[in-house]
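Visitor: What follows is a predicted structure for the sequence shown.
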Amino acid sequence: MDRLDTVGGMFEAACRWCGERELLVDAADRYSGARAARESAALAAGLAALGLRPGDRIAFLCRSTVRHAVCYFSAQRLGAVTANLHVRETAPNLGEALRWLDARALVFDADLAGLAAEVVAAAGLPVLRICLGDDTAPGMDASYRSLVEGHDGASAPANGAGPDDLSAILLSSGSTGRPKGVMHRHRTLLETAKAGQYIYGQITAYDSTAVMMAPSFAAWTHLVFPYLLARAKIVFGAAFEPAGFLDSVARERITMAPLVPTMWRLVLAADAGGRDLSSLRVAVFSGEPGAKRDIEQLRARICPNVFSIYLATEGGCAAGCLAVTHDLLDRDKPESIGKPVVGSDLRIVAAEGGIDAMLPPGETGEIVLRGASVAAGYWRDPTLTAQRFVDGWWRSGDLGVMDEDGDVFLKGRLDNVINSGGIKVHAEEIELALLRHPQIAQAAVIGVADARWGQRIEAHLVARSPAPDAAALETFCRRTAGLAAYKIPKAFHFHTALPTGPTGKLYRRGLRSDG
């Protein structure tokens with residue numbers, strides 16, 4: 001009998017209700033619910049036969065595919081604790097991550113077998129090696145096919161976890177140092193799945209979504225779990241590329257698509273080429289504030305409904321914010337992340353103060369969140385856990401301001417503030433001002449070491465032809481965008497493209513000489 005209070009049980013129920021209807025799709029495979037159920041049961045039996053038990057950590061070095069998803073949820077059914085690793089990380093760092101996790105097994109894509117061998121060697125642990133391909137090469141303990149074909153799903157162990165047991169360790173996507181391991185219980189991940197019905201706008205079994213991010217990022221969890229719970233079709237893409245994304249929307253009749261603003265700008269710059277995008281009913285952006293021009297173009301050219309969402313690895317979908325089309329355009333608040341989702345709460349507090357040091361509307365401070373999907377803490381880091389998780393609230397490290405209507409606006413990160421001449425400036429505010437210029441397609445603002453100012457504000461831009469010159473941009477910033485003189489960049493640099501991180505967000509550090 002399906003357990004509806006665990007992640008593995010959620011997957012089993014979704015498969016059963018889908019039956020022969022498509023549930024999981026990628027470029028190589030198209031799995032019905034029935035096939036996913038059969039193979040996940042056999043995989044769970046195979047993992048148990050290898051000696052894996054509830055509570056064991058199983059690491060995944062995989063891209064976003066059907067086989068990864070089926071194996072991931074099979075591990076959840078077993079009661080193991082899953083952790084998706086960053087496939088672009090180095091072997092020594094990945095080896096350190098395995099030791100840190102004390103992982104019992106490493107599951108990897110077939111074409112990453114060489115990297116997986118290096119990672120296990122660097123870890124120096126007796127880690128089981130399981131390939132998602134068809135062949136079991138020397139040194140491997142099993143392959144996807146050998147587990148599926150060699151085990152009877154009827155012998156799969158009963159779900160070995162409870163709702164308050166640890167389900168997954170989500171790795172933060174920070175660009176420096178060891179990533180934080182965000183611990184989520186089955187209960188908190190199921191709350192994320194449920195809250196997705198609110199975040200994405202009533203998902204039904206007739207809906208479908210495109211998953212263009214790697215499993216190592218929390219956005220994968222925030223999207224896949226709600227769509228699984230709703231028994232809707234999930235289409236995986238190995239990597240984002242504008243034309244490929246548009247092809248996928250048209251071919252698979254995608255109804256909801258989430259991308260960060262940088263990706264949506266690339267989609268808008270691409271030629272739709274007569275593709276039928278009429279199935280798309282919700283376009284979602286997150287990760288960065290939007291720009292009014294981009295939102296208007298999305299609504300006019302791509303999709304009638306545009307949502308802005310604010311989610312965090314530690315917070316999940318039941319402790320985030322949502323702004324719908326009416327908020328962004330009709331109420332003329334395109335840069336807003338809206339209000340907390342139903343059942344959650346948010347405060348703006350003094351960055352150096354306690355959790356109760358709430359600031360009045362109009363004052364910038366740290367965003368703190370509370371909701372049913374907030375994580376249990378950080379893996380093997382009780383000190384950081386005590387600092388960031390306080391009385392049911394989570395301190396985000398994001399800066400925000402609330403207006404008199406209760407709408408929230410992001411103002412950057414506590415660690416992304418430029419100190420110029422003793423005055424603290426938020427890079428995101430200047431970027432949004434520059435994006436209002438009709439000839440600026442992308443913008444990134446950084447602080448550069450300066451003997452006089454401490455940090456000098458500089459802008460890196462991608463422009464449409466003809467590109468404006470520095471004098472014209474300075475005038476625009478001052479007269480049209482209304483930036484104070486000390487916020488106007490001291491230099492403007494033009495590029496054909498700006499660096500982005502693995503999730504598609506701007507990678508400002510890549511523009512610094514020390515980055």
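Guide: Sure, I can see it. Numbering: from 1, shown residues only.
Visitor: Give me the domain ranges for the chain.
Guide: For the chain, the structural domains run 7-162, 189-413, 417-511, going by automatic domain parsing.
Visitor: how about those in CSV, adding mean pLDDT?
Guide: Listed next are the domains of the chain as CSV, based on pLDDT from 0 to 100:
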stretch, mean pLDDT
domain 7-162, 95
domain 189-413, 93
domain 417-511, 84
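Visitor: Kindly check the end-to-end length of stretch 299-310 for me.
Guide: One end of stretch 299-310 to the other measures 19 Å (CA to CA, to the nearest Å).
Visitor: Show me what that stretch is in contact with.
Guide: 199-201, 257-258, 267-268, 272, 277, 280-286, 289-290, 295, 298, 320-325, 327-329, 336-338, 408, 410 (CB atoms under 8 Å, 6 or more residues apart in numbering). (Each C-beta comes from the backbone N, C-alpha and C, glycine too.)
Visitor: what's the offset of it from the middle of its chain?
Guide: Stretch 299-310 sits 18 Å away from the centroid of its parent chain (CA atoms, centre = their mean, to the nearest Å).
Visitor: which parts of that stretch are buried?
Guide: Neighbour-count burial for stretch 299-310 flags R299, I302, C303, N305, V306, F307, S308, I309, Y310 (criterion: 16 or more other CB atoms under 10 Å).
Visitor: Which pair of the residues you listed spans the longest distance?
Guide: Between any two of the buried residues of stretch 299-310, the greatest separation by CB to CB is 21.0 Å, found for I302 and Y310.
Visitor: which residues does K339 contact?
Guide: With contact taken as CB under 8 Å, 6+ apart, K339 is in contact with C321, L322, A323, L346, G406, D407, V408.
Visitor: ChimeraX command to pick out the buried ones of these?
Guide: To isolate the buried members of these in ChimeraX, using 16+ other CB under 10 Å:
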select :321,322,323,346,407,408
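Visitor: Inside strands: which ones of the contacts of K339?
Guide: C321, L322, A323, L346, V408 (DSSP state E).
Visitor: Please tabulate these in TSV, including the columns distance to N159.
Guide: Compiled in TSV, the ones in strands among the contacts of K339 are given as follows (distance: CB to CB, whole Å):
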residue	distance to N159
C321	33
L322	32
A323	37
L346	34
V408	38
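Visitor: wait, which of the residues you listed is closest to V66?
Guide: Set against V66, the nearest of these by CB to CB is L322 (29.2 Å).
Visitor: any idea which element the closest residue to that closest one other than its chain neighbours lies in?
Guide: Distances taken as CB to CB, 6 or more residues apart in numbering put G338 closest to L322, at 4.9 Å, once the chain neighbours are dropped. Taking DSSP states H and E as the criterion, the element that holds G338 is strand 336-340.
Visitor: if we can go back for a sec, and the ones in strands among the contacts of K339, which two are furthest apart?
Guide: A323 and L346, at 12.9 Å, using CB to CB across those.
Visitor: Does I130 touch A105 like I think?
Guide: Yes - assessed by CB atoms under 8 Å, I130 is found in contact with A105 at 5.9 Å.
Visitor: Specify the local secondary structure of A195.
Guide: Classification of A195 by DSSP: H, G, I helix; E, B strand; the rest coil places it in helix.
Visitor: what number of residues lie near it?
Guide: 28 (other CB atoms under 10 Å).
Visitor: so how far is E404 from it?
Guide: For A195, the distance to E404 (CB to CB, to the nearest Å) stands at 27 Å.
Visitor: Could you do L94 as well?
Guide: Distance from L94 to E404, by CB to CB: 48 Å.
Visitor: swap in A427?
Guide: Relative to E404, and taking CB to CB, A427 is found at 26 Å.
Visitor: And those two? Which one has more around it.
Guide: Neighbour count, other CB under 10 Å: between A427 and E404, A427 has more, with 23 against 8.
Visitor: Name the SS class of the residue lying closest to the more buried one once chain neighbours are set aside, please.
Guide: Nearest residue to A427 in three dimensions, chain neighbours excluded: V445, at 4.2 Å (CB to CB, 6+ apart). Under three-state DSSP, V445 falls in the strand class.
Visitor: Could you give the bridge partners of V445?
Guide: For V445, the beta-bridge partners are A459 (DSSP bridges).
Visitor: Now do the same contact list for it.
Guide: Applying CB under 8 Å, 6+ apart, the residues contacting V445 are I418, A427, E428, I430, E431, L434, I457, E458, A459, H460, P489, R508.
Visitor: roughly how far apart are the residue of the chain most remote from its centre and F492?
Guide: The C-alpha centroid of the chain is most remote from R452, which lies 38.7 Å away (CA atoms, centre = their mean). R452 sits 19 Å away from F492, going by CB to CB.
Visitor: Likewise for A386?
Guide: According to CB to CB, A386 stands 44 Å off from F492.
Visitor: Now for the residue nearest the centre of the chain, which secondary structure element holds it?
Guide: Central residue of the chain (CA atoms, centre = their mean): A219, 2.4 Å from the mean position. Assigned by DSSP H and E, A219 belongs to helix 218-229.
Visitor: just to revisit the earlier point, which of A386 and F492 has more neighbours?
Guide: Neighbour count, other CB under 10 Å: between A386 and F492, F492 has more, with 23 against 11.
Visitor: Wait, A376 touches M183, no?
Guide: Yes - proximity of A376 to M183 meets the contact threshold set by CB under 8 Å, at 4.5 Å.
Visitor: out of the two, which sits in the busier spot?
Guide: Taking other CB under 10 Å, A376 and M183 do not tie; M183 has more neighbours (21 against 17).
Visitor: Tell me what the more buried one is bridged to.
Guide: Beta-bridge pairing for M183 (DSSP bridges): I169, G377.
Visitor: Do you know the pLDDT at it?
Guide: pLDDT for M183: 98.
Visitor: Apart from its neighbours in sequence, what residue is nearest S286?
Guide: In this structure, S286 finds its nearest non-sequential neighbour in I309, 4.6 Å apart by CB to CB, 6+ apart.
Visitor: measure C321 to V25 for me?
Guide: Taken as CB to CB, the span from C321 to V25 is 30 Å.
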